[in-house]
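Colleague: Build me a model:
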Amino acid sequence: MAYHFAIPLVAAIVTLVLGVFVFRSAPSVRLNQAFAFLAATLALWNLNFFVLYVVPDRDLAITLTRAFRTGIVFMPAAILHVVVTMKARRPLLLRIVLIGDYLIAGVLAAANALDLLVSDVAQFEWGYYSVRGPLYNLFSLFLVGNFVIAFVLLIHDLRTSNDPRVRLQLKFWLLGAAVALPLGCTNLLPNYGIPIYPLGNLGNAAWAAIVAYAIVRHRLMDIELVVTKGVAYTAVAFVLIAPAFTLLLLLQRLSFGQVHPDFSAAVLAMLVAVGVLFPMLRFRAESRIERSLFREKYEYRAALGAFTRSIVRILDRERLLRELGATLQSTLRLERVAIALLDEGKRLYAIRYAHGAASQYQELSEGHAFAETLLARQGAVMRHELESSTDLIERTTVAEFCTQNDWEVCIPLTAGGKLIGFISLGRKRNMDGFFAGDLELLETLAAQASVALENARLYEELGKSEEIIRRADRLSALGTLAAGIAHEVRNPLVSIQTFFQLAPDRLQDEEFMTTFLGMAASEVKRIATLINELLSFARSPTRSLQLVDLNDSLTRVVALLDAEARKHQLTLSCALSTDGVHASADADQLKQVLINLVLNAIQATPPGGAVRVTTRLIQHRQQPFAQIEIHDTGVGIPPERIEHLFDPFFTTKDKGTGLGLAIVHQIIAEHGGSINVESKEGQGTSFFVDLPACEPSAALAYRSEDEIDAELVSAQYQRKAAS
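Modeller: All right, here's what the predicted structure looks like:
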């Protein structure tokens, strides 16, 4: 065979390129340095065989290979060096062994210069090959010994390492060794009288590639997947290529009377290359051709694919249905689209979104043959398939139902093995059919839409649960407030009652009627204010963002809780900013936050202490923020408890639910703000609430989040419908 030199030459180039690539990826890393040195020795080893195969002059071949073998003798030490460097900390004994390895390699290099390793070269079918000298057995022992030590170290590291990435790297190294060692041993056999073709050049190139991948690549493939794919490719290639290659050999013999080795090897190499490259190139070619020649189809499929990937982020069910229907209608250019969902209470499917002419049936019972067919098929159903079905019910009842509603394709929406709805599509405006690629994409979209609808349903239920929890928290605080206010109302009522008891006898007393009547009116007004504040806090409002004066809100909260503070023998005071502090917030939710925090401060402070509420404007990341500080002189919070303060159900009170601060944290987060805590045991605690500040003039331009969302969705839908 005339081209044996090509194998070691290609292997030398591959290993050298891999060494340079790994070294350049991280030049300062010791493992990369060690691998680069090993790649250099492997390249010299391959060049040694290249010279033996390609140089016809015997003396020149001996001279050149003597130089290249200098790299070969250092290869075993380089292999062990790479394995030892793989782990940062190694026993001192291993380092001593590695130093001894390089000393032995140096001695063998000197012996090689004196022709004590290889004494001559002999002619084989594939070219010259080394004839072992007096110390060649020592080199063989040195090579095999280093292989064994390296293999044992890899196994030991795999068993003892607790780093998942390192363990995966080691598996790749062992896989490379499993490929390279059997092939590498074939290069020693001709020196011992066994005329087998040496394949070690292929083995070391494969090992270097696998190790380089494991060193450089941060996101490694699963080793089991690599092995599975490798075995599968090999098996399929053998099943397909082996018969074709055997037929080729037979045709050569029949046509020319002999088999030409070079031609046969070249054809075999081409068959392998075609088998490897064809799948990769086919997908790329299909994509480019479709993009160039059938751009419209490519674009609408790309648009549907992008929407499929993003749909799970939509948590509002009505918006989800609008987006889904509008996207299908605009991308596929459909005459009609209908999306139905299951109403579990009524046990029927109701059309929740429709585009185009109205469907004849707006509701469908859960046990209808159409619904049962969709659930049974678990995929897209086409009307013409139903019309030609062997099933009588499908061919008549179900097909007729689709015809009456002008539905061409119906796709089920399933969750947990249950049909939760369906998507029905009419004809395309350009009268194109629904192709196999369309149906696959629609089935994928329906699967993602089913997940998104379930997520939206769970999100709605979660919102209801959160509202119940918030309401319970408000009622808990309300009970505390009511107890304090009852005491506050009792005192003014005593004054008013006294006034009315004395009034009949002192109607002519001008001073009494003037002074005490004014006092009674003032007490009535005070009672009315407290009750109004209490009723305002007690109602369960829907969220409505508006411009809120934080100073005014705090003043109201302090007035509401002043009785509770005096009951605990505390001083409750305000230190409000004179600049005016405003934020975009829900006034009732913000009041709930402040009442929670101030109540907690009151309950955490012993008699004689003080609670102070402060407002100020601050700058955070060059943005203005309104800050509210609630400071108490209580016992403080231990550091280990601070990080758990906002965890649900975490409480330091004997009768607390652990939900108050969790709700506070969530409300503030929903407002785009943050809450922080500073506390020193024995000195007190400060809660800092930071909310994005707003100028008072922003009130005129402000709209609620729901209004903005509705407007954006409407505009987006109108744009899609118009296109």
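Colleague: what about residue 644, neighbour count?
Modeller: By the criterion of other Cβ atoms under 10 Å, residue 644 has 12 neighbours. In this view, the C-beta of every residue, glycine as well, is placed from N, C-alpha and C.
Colleague: cool, and residue 4?
Modeller: 21.
Colleague: secondary structure element for residue 122?
Modeller: strand 118-124 (DSSP states H and E).
Colleague: Just the C-alphas of that strand, formatted as CSV.
Modeller: Taking C-alpha atoms only, strand 118-124 is exported to CSV below (Å, rounded to 0.1, in the frame of the first residue of the first chain):
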residue,chain,number,x,y,z
VAL,A,118,16.9,0.6,18.1
SER,A,119,19.9,-1.0,16.3
ASP,A,120,18.5,-1.1,12.7
VAL,A,121,15.4,-0.9,10.5
ALA,A,122,13.8,-3.8,8.7
GLN,A,123,11.6,-3.8,5.6
PHE,A,124,7.9,-4.6,6.0
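Colleague: name the helices or strands packed onto the next helix or strand after it?
Modeller: Once the chain leaves strand 118-124, the next helix or strand it forms, by DSSP H and E, is strand 127-132. The contact analysis (3 or more Cβ pairs under 8 Å, 6 or more residues apart in numbering; DSSP states H and E) places strand 127-132 against helix 30-54, helix 58-85, strand 118-124.
Colleague: circling back: okay, buried residues for the strand holding residue 122 please.
Modeller: The neighbour-count check on strand 118-124 (16 or more other Cβ atoms under 10 Å) flags 118, 121 as buried.
Colleague: what residue ranges in the stretch 501-650 of the chain score low on pLDDT?
Modeller: Low-confidence segments of the stretch 501-650 of the chain (pLDDT under 70): 501-502, 505-513, 515-519, 522-523, 525-544, 647-650.
Colleague: can you tell me how far the closest residue to residue 317 other than its chain neighbours sits from residue 139?
Modeller: Sequence neighbours aside, residue 456 is the residue nearest to residue 317 in space, at 4.1 Å (criterion: Cβ to Cβ, 6 or more residues apart in numbering). With distances taken as Cβ to Cβ, to the nearest Å, residue 456 is found 71 Å from residue 139.
Colleague: higher neighbour count, those two?
Modeller: residue 139 (25 against 19).
Colleague: who's in contact with that one?
Modeller: Residues near residue 139 by Cβ atoms under 8 Å, 6 or more residues apart in numbering: 73, 108, 117.
Colleague: Go through those residues and say which is closest to residue 202.
Modeller: Distances from residue 202 to these, taken as Cβ to Cβ, are shortest for residue 73 (21.5 Å).
Colleague: okay, that closest one: pLDDT?
Modeller: On pLDDT, residue 73 comes in at 91.
Colleague: Surely residue 117 is in contact with residue 69?
Modeller: Yes. Assessed by Cβ atoms under 8 Å, residue 117 is found in contact with residue 69 at 6.7 Å.
Colleague: Of these two, give the one with the bigger neighbour count.
Modeller: residue 117 (25 against 22).
Colleague: okay, stretch 451-460 in CSV with CA atoms only?
Modeller: Output of stretch 451-460 as CSV, limited to C-alpha atoms (Å, rounded to 0.1, in the frame of the first residue of the first chain):
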residue,chain,number,x,y,z
VAL,A,451,-48.2,23.5,30.2
ALA,A,452,-48.7,27.3,30.1
LEU,A,453,-52.5,27.0,30.7
GLU,A,454,-51.9,24.8,33.7
ASN,A,455,-49.3,27.2,35.0
ALA,A,456,-51.7,30.1,34.5
ARG,A,457,-54.4,28.2,36.4
LEU,A,458,-52.1,27.4,39.3
TYR,A,459,-50.9,31.0,39.3
GLU,A,460,-54.5,32.2,39.6
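Colleague: quick one: contacts of that stretch?
Modeller: Outside of stretch 451-460, the residues within contact range by Cβ under 8 Å, 6+ apart are 311-312, 314-317, 320, 341, 413, 415, 420-421.
Colleague: If we only consider the contacts of residue 139, which is nearest to residue 154?
Modeller: residue 73 (22.7 Å).
Colleague: What's the separation between the closest residue in space to residue 305 that isn't next to it in sequence and residue 115?
Modeller: Computed as Cβ to Cβ, 6+ apart, the closest residue to residue 305 that is not its neighbour in sequence is residue 441, at 6.7 Å. Noted for residue 441: a distance of 70 Å to residue 115, by Cβ to Cβ.
Colleague: Looking at the two, which is more packed in?
Modeller: Neighbour totals were compared for residue 441 and residue 115, and residue 441 leads with 20 against 14 (other Cβ under 10 Å).
Colleague: The more buried one sits in which helix or strand?
Modeller: Assigned by DSSP H and E, residue 441 belongs to helix 436-502.
Colleague: between the helices and strands packed on strand 127-132, which has the poorest average model confidence?
Modeller: Sorting the helices and strands packed on strand 127-132 by mean pLDDT places strand 118-124 lowest, at a mean of 82.
Colleague: same for that one, what does it pack against?
Modeller: Here strand 118-124 touches helix 58-85, strand 127-132, going by 3+ Cβ pairs under 8 Å, 6+ apart.
Colleague: wait, which of the ones you listed is closest to residue 357?
Modeller: Comparing the helices and strands packed on strand 118-124 by Cβ to Cβ, helix 58-85 comes nearest, at 72.0 Å.
Colleague: want to try JSON lines for the helices and strands packed on strand 127-132, with distance to residue 595 as columns?
Modeller: Below are the helices and strands packed on strand 127-132 laid out as JSON lines (distance: least, Cβ to Cβ, whole Å):
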{"stretch": "helix 30-54", "distance to residue 595": "61"}
{"stretch": "helix 58-85", "distance to residue 595": "63"}
{"stretch": "strand 118-124", "distance to residue 595": "92"}
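Colleague: So what does residue 187 look like in phi/psi?
Modeller: Backbone dihedrals for residue 187, given as degrees, to the nearest 10, come out at phi -80, psi -20.
Colleague: and stretch 38-45, how far from the chain's centre?
Modeller: On the basis of Cα atoms, centre = their mean, to the nearest Å, stretch 38-45 sits 41 Å off its chain's mean C-alpha point.
Colleague: let's have the chain start at 24 instead
Modeller: Shifting the count to begin at 24 puts that one at stretch 61-68.
Colleague: Can you give the contact residues for it?
Modeller: Residues contacting stretch 61-68 (Cβ under 8 Å, 6+ apart): 34-36, 38-39, 41-43, 45, 91-95, 97-98, 101-102, 104-105, 224, 227-228, 231.
Colleague: between the contacts of residue 162, which is closest to residue 178?
Modeller: Nearest to residue 178 among the contacts of residue 162: residue 96, at 26.1 Å, using Cβ to Cβ.
Colleague: shouldn't that closest one be in contact with residue 141?
Modeller: No. Checked against Cβ under 8 Å, the pair residue 96 and residue 141 is beyond contact range at 10.7 Å.
Colleague: Look up how far residue 201 lies from the nearest residue to residue 161 once chain neighbours are set aside.
Modeller: Excluding the flanking residues, the one nearest residue 161 by Cβ to Cβ, 6+ apart is residue 131, at 7.2 Å. Residue 131 is 27 Å from residue 201, where distance means Cβ to Cβ.
Colleague: Name the residue in those two with the higher neighbour count.
Modeller: Between residue 131 and residue 201, counting by other Cβ under 10 Å, residue 131 is the more crowded of the two (25 against 13).
Colleague: just checking, the more buried one touches residue 96?
Modeller: Yes. Taking contacts as Cβ under 8 Å, residue 131 lies within contact range of residue 96: 4.2 Å.
Colleague: where do the contact lists of those two overlap?
Modeller: 140, 162.
Colleague: about what we covered before: now, the most widely separated pair of the contacts of stretch 474-483?
Modeller: Using Cβ to Cβ, the pair of these lying farthest apart is 339 and 438, separated by 17.7 Å.
Colleague: ok so, going back, run the angle between the strand holding residue 145 and strand 150-155 for me.
Modeller: 150 degrees (axes from the mean of the first three to the mean of the last three Cα atoms, to 10 degrees).
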